[in-house]
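Student: okay, sequence plus prediction incoming.
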Number of protein chains: 2
Amino acid sequence: MKNDPIYWEGDVTQGKAVIIEQTKLPLVRQLLEIHSAEEMWDAIRKLKIRGAPAIGIAAAYGVVLGIRGEKLTLVADFMARLRQVCDYLASSRPTAVNLFWALRRMQDTAARHAESGVAAIKQILLAEAHEILAEDRRRCAAIGEYGQVLLLDGMRVITHCNAGGLATSGYGTALGVIFSAVSQGKKVHVYADETRPLWQGARLTTWELKEAGIPVTLICDNTAAFVMQQKKVDIAIVGADRIARNGDVANKIGTYSLAVVAKAHGVPFYVAAPLSTFDPSIHSGDAIPIEERGAEEVTAPTGVPIAPPGIQVYAPAFDVTPACYITGIITERGILRPPFQEAIGKLFSA
Amino acid sequence: MKNDPIYWEGDVTQGKAVIIEQTKLPLVRQLLEIHSAEEMWDAIRKLKIRGAPAIGIAAAYGVVLGIRGEKLTLVADFMARLRQVCDYLASSRPTAVNLFWALRRMQDTAARHAESGVAAIKQILLAEAHEILAEDRRRCAAIGEYGQVLLLDGMRVITHCNAGGLATSGYGTALGVIFSAVSQGKKVHVYADETRPLWQGARLTTWELKEAGIPVTLICDNTAAFVMQQKKVDIAIVGADRIARNGDVANKIGTYSLAVVAKAHGVPFYVAAPLSTFDPSIHSGDAIPIEERGAEEVTAPTGVPIAPPGIQVYAPAFDVTPACYITGIITERGILRPPFQEAIGKLFSA
């Protein structure tokens, strides 16, 4: 589709990943060709591609780019090299679990086909990356379908950051729910938090919604509570970067603030995410590593300084919203309801 | 003092107001001479001088600049002209009540001296503007003194926008409390909300605190809740632009959001403001007019666009924090406690 954030072009030996360079949006829609694991690491690290599901897809293609040129013929050597490439890509960003999920899946796939020989495994890994992307499409479509029942005609939705097509394979999780409702003929108005420091809401969410012809009002993050006080919002829907076994959700910094003010105003607060965003290995949000970003993203957000030089800055990229603030989690298997510990346990023991 | 935001230089006929051009801070500390009511209107409108108490002082000097050249000799004609100048200055910004309070006071002063003749009234109005400034110094000092008892050694304070020296005659309300505590030898660490869209926290509060040698950490507005979740904040103190008779407080957009998240974390939430910020004529915050600012302050905050062209924006400059979120209001007459309706009633009937 026109605004898919990532796709593969060509075969395993000569091909390349192509991404929309998201830091250039919305002013320029520029495609960027990625030819190596190093370039993919850099693209993830610098948020040229971002959003938990999209990072997972990017990592999978990054693995292909990292191992396709390997001259090693012994499978054991190849597997060791594959692990190195995965460890390297895993170091690009710490919070979104989809990254580690995709890298684990690529290694598991290779291990399952160890008997096939190195050349075949390379082909199989590209096919697996394609499958991760294709699955994400199906998952987002299912999330949209399950979630759209929450949106009644005329509803006003608030969202934070960008959990749209750009953050996934092309359809979105939180925005996918909105796209799905609109495709059913419902009218929906979106309030988009600008999402400091990197303005994913102002830059990406408004752009996607405008392209889709869905009415959107941009607000500063600090205005969400006032908009709710004025009863202009019916429901909040956001994405997620990692969900603990108890339902605690790590997502873009500011999500927790939005959840607290939503609760204070009786606004239902939903999280939309595929199962690849769940991390059943950790018990609660306390164990989720929170990435901190550089001070200059806060103090010189467009290159022009807005604070005195050398001022101390605290710039976490994510925060953790405790499960008690969450009304429901919209997944490709349906909407999970509290107690989440139980609902998530069932999902992963099944 | 070195960083007083406004002072008068010269006599009534040839003198001028001098302000620190606050939109240039923190990168440049530039003084701006103001010679007419029109220039003062523009300075207030464009936030070259801002902060409720400072706007009141600026308006008083604006009146002097607007009438000092009047050739009218009949007092009645002069009074009519004075009213016109006041109405004009009153149209610069709608929310901070100190503006209207100062303009009313200048007119009342003129009326009291109607017998003195036009030339004398002009002199008296300049003296009254000086007195409004001097009173603000005394009031801020008293607010600091009453408020500093709330700050124990080692406390971490969060504040929003700039309620410092730059927002007043030179000492501040919310920051005055901090300055006062520090002058008593207490150690205080400040978290400064950046305060989108115009970054008064990032630009002005950090600058003032740095100049004063007080440790400060800059955060995005959306990070305050997460900082509180991590138990890094002991108390919140903010300024005010208008306080209704029931204790509802209009202040910079984002104040309400901060109050809601403070309450959710058991962080006491204080407002520091002089009596000139109270508007006993209105019953509740619902009646406070909320200024809306231009979309470009959100979409092109440093001149570089960060959102698609033409996107709809909601950009209120202020919000209203209901009295139930406020732990106390620090005034020059002591700290008011709930029920505020009663406490404020006593203050203004006395």
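Tutor: Perfect, I can see it now.

Student: can you pull out the helices in the stretch 251-350 of chain A?
Tutor: For the stretch 251-350 of chain A, helices defined by DSSP state H, counting those that start in this stretch occupy the ranges A:255-264, A:296-299, A:340-349.

Student: winner for burial among the ones you listed?
Tutor: Highest mean neighbour count of these: helix A:255-264, a mean of 27 (counted as mean count of other Cβ atoms under 10 Å in any protein chain shown). Where C-beta positions appear, they are placed from N, C-alpha and C, glycine not excepted.

Student: domains for chain A, by residue range?
Tutor: Chain A breaks down by automatic domain parsing into domains covering A:6-141, A:147-349.

Student: dump those to CSV, plus distance to chain B and mean pLDDT.
Tutor: Below are these laid out as CSV (distance: least, Cβ to the nearest Cβ, whole Å; pLDDT from 0 to 100):
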stretch, distance to chain B, mean pLDDT
domain A:6-141, 4, 97
domain A:147-349, 3, 97
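
Student: re earlier: adding distance to A:Q230, write the helices of the stretch 251-350 of chain A out as JSON lines.
Tutor: Shown next, in JSON lines, are the helices of the stretch 251-350 of chain A (distance: least, Cβ to Cβ, whole Å):
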{"stretch": "helix A:255-264", "distance to A:Q230": "12"}
{"stretch": "helix A:296-299", "distance to A:Q230": "28"}
{"stretch": "helix A:340-349", "distance to A:Q230": "31"}
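
Student: and A:T13, helix, strand or coil?
Tutor: A:T13 falls in the coil class when you classify it by DSSP: H, G, I helix; E, B strand; the rest coil.

Student: residues contacting the residue nearest to it when sequence neighbours are not counted?
Tutor: Distance criterion Cβ to Cβ, 6 or more residues apart in numbering or on different chains; nearest residue to A:T13, sequence neighbours excluded, is A:R68 at 6.1 Å. Taking Cβ atoms under 8 Å, 6 or more residues apart in numbering or on different chains as the criterion, A:R68 is in contact with A:12-13, A:122, A:126.

Student: for A:R68, give me phi and psi.
Tutor: Dihedral pair for A:R68: phi -60, psi -30, per degrees, to the nearest 10.

Student: got it, and the one 4 residues further on?
Tutor: With angles defined as degrees, to the nearest 10, A:L72 sits at phi -60, psi 140.

Student: which residues does it contact?
Tutor: A:78, A:81, A:118.

Student: the second one contacts A:G69, doesn't it?
Tutor: No: applying Cβ atoms under 8 Å, one finds A:R81 not in contact with A:G69, separated by 10.5 Å.

Student: of the two, which one has the most company?
Tutor: More neighbours surround A:R81 than the other of A:R81 and A:G69, with 15 against 10 (other Cβ atoms under 10 Å in any protein chain shown).

Student: chain center to the helix ranked longest in chain A: distance?
Tutor: Looking across chain A with DSSP state H, the single longest helix is helix A:118-147. Centroid separation between helix A:118-147 and its chain, computed with Cα atoms, centre = their mean, to the nearest Å, is 15 Å.

Student: may I see the buried residues of that helix?
Tutor: Using 16 or more other Cβ atoms under 10 Å in any protein chain shown as the test for burial, helix A:118-147 gives A:118, A:121-126, A:128-130, A:132-133, A:135-137, A:139-147.

Student: mind listing the strands for the stretch 151-300 of chain A?
Tutor: Remark: strands assigned in the stretch 151-300 of chain A by DSSP state E, counting those that start in this stretch are A:155-159, A:188-193, A:216-219, A:235-238, A:242-244, A:249-252, A:269-272, A:278-279.

Student: A:L204: which of those strands is closest?
Tutor: Nearest of these to A:L204, taken as Cβ to Cβ: strand A:188-193 at 9.2 Å.

Student: any idea of the angle the closest one forms with helix A:255-264?
Tutor: Orientation of strand A:188-193 against helix A:255-264 (axes from the mean of the first three to the mean of the last three Cα atoms, to 10 degrees) gives an angle of 130 degrees.

Student: can you give the distance of the helix or strand that comes right after strand A:188-193 from its chain's centre?
Tutor: Going down the chain from strand A:188-193, the next helix or strand is helix A:200, by DSSP states H and E. Relative to the chain's own centre, helix A:200 is displaced by 12 Å; criterion: Cα atoms, centre = their mean.

Student: go on, stretch A:235-242?
Tutor: Mean-position distance between stretch A:235-242 and its chain equals 10 Å (Cα atoms, centre = their mean).

Student: then stretch A:242-256?
Tutor: Stretch A:242-256 has its C-alpha centroid displaced from the chain centroid by 12 Å (Cα atoms, centre = their mean).

Student: do the same with stretch A:5-14
Tutor: In terms of Cα atoms, centre = their mean, the centre of stretch A:5-14 is set 21 Å apart from its chain centre.

Student: buried residues, that stretch. List them.
Tutor: For stretch A:5-14, burial by neighbour count (16+ other Cβ under 10 Å) applies to A:5-8, A:12.

Student: quick one: contacts of that stretch?
Tutor: For stretch A:5-14, the external contacting residues (Cβ under 8 Å, 6+ apart) are A:15-20, A:22, A:49, A:51, A:54, A:57-58, A:61, A:64, A:68, A:122-123, A:125-126, A:129-130, A:133, A:165-170.

Student: SS state for A:L32?
Tutor: State at A:L32, reduced to three classes by three-state DSSP: strand.

Student: quick check, it in contact with A:I19.
Tutor: Yes: shown here, A:L32 and A:I19 form a contact pair, counting by Cβ under 8 Å, at 5.2 Å.

Student: hey, what's in contact with both of those two?
Tutor: The contact lists of A:L32 and A:I19 share A:43, A:48, where a contact means Cβ under 8 Å, 6+ apart.

Student: more neighbours: which of these two?
Tutor: Between A:L32 and A:I19, A:I19 has the larger neighbour count (other Cβ under 10 Å), namely 25 against 18.

Student: with adjacent residues omitted, what lies nearest to A:K24?
Tutor: The shortest distance from A:K24 to any non-neighbouring residue, by Cβ to Cβ, 6+ apart, is to A:Q30 (4.8 Å).

Student: count the residues that sit near that neighbour.
Tutor: Neighbourhood size, A:Q30 [other Cβ under 10 Å]: 13.
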